[in-house]
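Chemist: here is a sequence together with a model predicted from it:
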Amino acid sequence: MLGLSTLRTRSQRVVSTSALETLEHRRLLAGINVADFGALPNDGVDDTGAIRAALSASKAGDTLNFAPGVYNVSDTITMRSHREIKGWGGATIKRSGKGYVFANDQQNYNITYTDMTFDGGGIDVSSSTLGEAVLVRGNTFQNISGGWPTGDGIYAPSGLKNSKITRNIFLNISGPSQGIYGFNTFTDVEISSNYFDGVWEGIHLAYEKGGSNLKVINNTGINWTRMPIELQGKNAVNTIVEGNYFNGWKSTYDGSFALSIMNYGEGTIIRNNVLIGPGSAPVGIEVGGRNGLVEGNSITGFREGMHLVGSSGTVVRKNVFLNQSLVSIWRTGVDEAYNLNVNNNYIKGSPWAFLFTGGRTDGSVFENNFVTEVERGIVGSTAGVTIGANTFQKVKSIR
């Protein structure tokens, strides 16, 4: 019964008082206190079985409450649908060995994780079936390593729908591991306001079945090895990558782009992101897809500010490029780019402002403001591209 003393029989434990007695009573009546099933914090005992017992006893709509302190688990626990894992005042689950702390069940519907710290192992939110109505909010994921398939903070191999990953903290997740790693499809999913520090790669989604209305917004982070955001695959529709702030690479990793937005889908918007990198970090933004918009971004101090790869129908406007060590905008020629429109950008402090190399390209470059050391600021093959009324300010030295 909630709030009563709990008799701990494992290892001759003495009678202990439920650590949740001081919490607001009405809230707890809707949930399960894991301490009542033998999962007591800070005793060093393996709590895997006790947490499983609490889940088995729970009903749809219940919250499993964890009091402050450290719980120990040694195996992955199957999380049931229509339930919530809730931490109070610094509750931490510490995972020994390799693997996730929780993996969602086959139904995988209406599952919530809030206010927990996951130490040494993360959560698998779509282990074998698409997750729907999954919420991961206000958690900390830390000290995770080992890489795929067990070493990521949040793992979604079957994808997500109508779900949200928000206001989480990711700390010390070493390579090759991701803070958030997913596949398959993402529809009506928001990944927002998460913070990363010392993470090998932040958000990596490779989703061949596409989906629609993915939002990756207002995330921040420092001390990167690889990419803060990497979106690969095809067939995504109306993706938004907006308001993110990333800087501070730990090393010059050759594949390290701040934003690699390369899902070959329709209508991707990359807007109002602030990206600051050392001059040796390769690329600020890599752009793929069709009929997209790249607008209002601030890109400072990379080797190359932006790669335009397969960007047919894409508009690149009102961005600020400062002090790239090689080139600000590079139409790379890796794939075709028709009807490419580049206008009203401000470019200063790179030896080359705009570079065209290979591939079929048409479109227009107009009303940009180039402050550059080279003649006219546009180099390479511009056949088929209309060069309009740009402003060129040639200076002797820009450094």
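Modeler: Cool, got the structure. Residues are numbered from 1 along each chain as shown.
Chemist: wasn't T92 part of a strand?
Modeler: Yes - assessed by DSSP: H, G, I helix; E, B strand; the rest coil, T92 belongs to a strand.
Chemist: ok, it touching Y71?
Modeler: Yes - here T92 reaches Y71: they are 6.9 Å apart, a contact under C-beta atoms under 8 Å. Just so you know, the C-beta spots here come from the backbone N, C-alpha and C atoms, and that holds for glycine as well.
Chemist: okay, these two: which has more neighbours?
Modeler: Neighbour tally, T92 and Y71, criterion other C-beta atoms under 10 Å: the higher count belongs to Y71, 28 against 20.
Chemist: may I have the beta-bridge partners of the more buried one?
Modeler: Y71 forms beta bridges with I93, as assigned by DSSP bridges.
Chemist: what separation do you get for it and S56?
Modeler: From Y71 over to S56 the distance is 17 Å, taken as C-beta to C-beta, to the nearest Å.
Chemist: and for D362?
Modeler: Plainly put, D362 is 63 Å away from S56 if you go by C-beta to C-beta.
Chemist: which one of those two has more residues nearby?
Modeler: D362 (15 against 9).
Chemist: now the more buried one: which helix or strand?
Modeler: Element membership of D362 [criterion: DSSP states H and E] is strand 361-366.
Chemist: I'd like the average pLDDT over that strand.
Modeler: In this model, strand 361-366 has an average pLDDT of 85.
Chemist: likewise for stretch 235-255?
Modeler: Average pLDDT, stretch 235-255: 88.
Chemist: give me the buried positions along it.
Modeler: For stretch 235-255, burial by neighbour count (16 or more other C-beta atoms under 10 Å) applies to 236-237, 239-247, 249, 253.
Chemist: could you dump those to TSV with distance to E367 and secondary structure?
Modeler: Below are those laid out as TSV (distance: C-beta to C-beta, whole Å; DSSP: H, G, I helix; E, B strand; the rest coil):
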residue	distance to E367	secondary structure
A236	30	strand
V237	30	strand
T239	27	coil
I240	25	strand
V241	25	strand
E242	23	strand
G243	25	coil
N244	27	coil
Y245	27	strand
F246	28	strand
N247	29	strand
W249	33	strand
Y253	35	coil
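Chemist: dump those residues to TSV, plus distance to T187.
Modeler: Converted to TSV, those look like this (distance: C-beta to C-beta, whole Å):
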residue	distance to T187
A236	9
V237	9
T239	11
I240	13
V241	16
E242	18
G243	21
N244	21
Y245	26
F246	25
N247	31
W249	32
Y253	31
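Chemist: so which of those residues is the closest to I123?
Modeler: I123 lies nearest to N244 out of the buried residues of stretch 235-255, by C-beta to C-beta, at 22.6 Å.
Chemist: quick check, the closest one in contact with I270.
Modeler: No - with contacts counted by C-beta under 8 Å, N244 stays clear of I270, the gap being 9.5 Å.
Chemist: common neighbours of the two, please.
Modeler: L259 (C-beta atoms under 8 Å, 6 or more residues apart in numbering).
Chemist: check which element follows the strand holding D362 along the chain.
Modeler: Following strand 361-366 in sequence, per DSSP H and E, is strand 369-372.
Chemist: could you list the paired strands of that next one along with their orientation?
Modeler: strand 346-348 (parallel), strand 391-394 (parallel).
Chemist: out of those, nearest to R226?
Modeler: strand 346-348 (26.2 Å).
Chemist: for the closest one, what is the distance to the chain centroid?
Modeler: 29 Å (C-alpha atoms, centre = their mean, to the nearest Å).
Chemist: pull the residues that contact that strand.
Modeler: Strand 346-348 is touched from outside by 305, 319-323, 328-329, 353-354, 368-372, 377, 398, with contacts defined as C-beta under 8 Å, 6+ apart.
Chemist: helix or strand right after that strand?
Modeler: The helix or strand immediately downstream of strand 346-348 is strand 352-356, counting by DSSP H and E.
Chemist: quick check: angle from that next one to strand 361-366?
Modeler: Taking axes from the mean of the first three to the mean of the last three C-alpha atoms, to 10 degrees, one finds that strand 352-356 is oriented at 160 degrees with respect to strand 361-366.
Chemist: is I378 in a bridge, and if so with what?
Modeler: According to DSSP bridges, beta-bridge pairing links I378 with F354.
Chemist: max-length helix in the chain?
Modeler: Assignment by DSSP state H gives helix 48-57 as the longest helix of the chain.
Chemist: other SSEs contacting whichever helix or strand comes after that helix?
Modeler: Moving toward the C-terminus from helix 48-57, the next helix or strand (DSSP H and E) is strand 63-66. Secondary-structure packing of strand 63-66 (3 or more C-beta pairs under 8 Å, 6 or more residues apart in numbering; DSSP states H and E): strand 31-33, helix 48-57, strand 83-87.
Chemist: one more pass at 7 Å, please.
Modeler: Helices and strands touching strand 63-66, as assessed by 3 or more C-beta pairs under 7 Å, 6 or more residues apart in numbering; DSSP states H and E, comprise strand 31-33, strand 83-87.
Chemist: buried sites along the first one?
Modeler: Residues of strand 31-33 classed as buried: 31-33 (neighbour count, 16+ other C-beta under 10 Å).
Chemist: quick check, nearest of the residues you listed to G97?
Modeler: I32 (25.8 Å).
Chemist: wait, doesn't that closest one sit right on S58?
Modeler: Yes - I32 is within contact range of S58, at 5.0 Å (criterion: C-beta atoms under 7 Å).
Chemist: list the residues that contact both of the two?
Modeler: L64 (C-beta atoms under 7 Å, 6 or more residues apart in numbering).
Chemist: Y100 and G61, how far apart?
Modeler: Taken as C-beta to C-beta, the span from Y100 to G61 is 24 Å.
Chemist: which of these two has more neighbours?
Modeler: Between Y100 and G61, Y100 has the larger neighbour count (other C-beta under 10 Å), namely 27 against 11.
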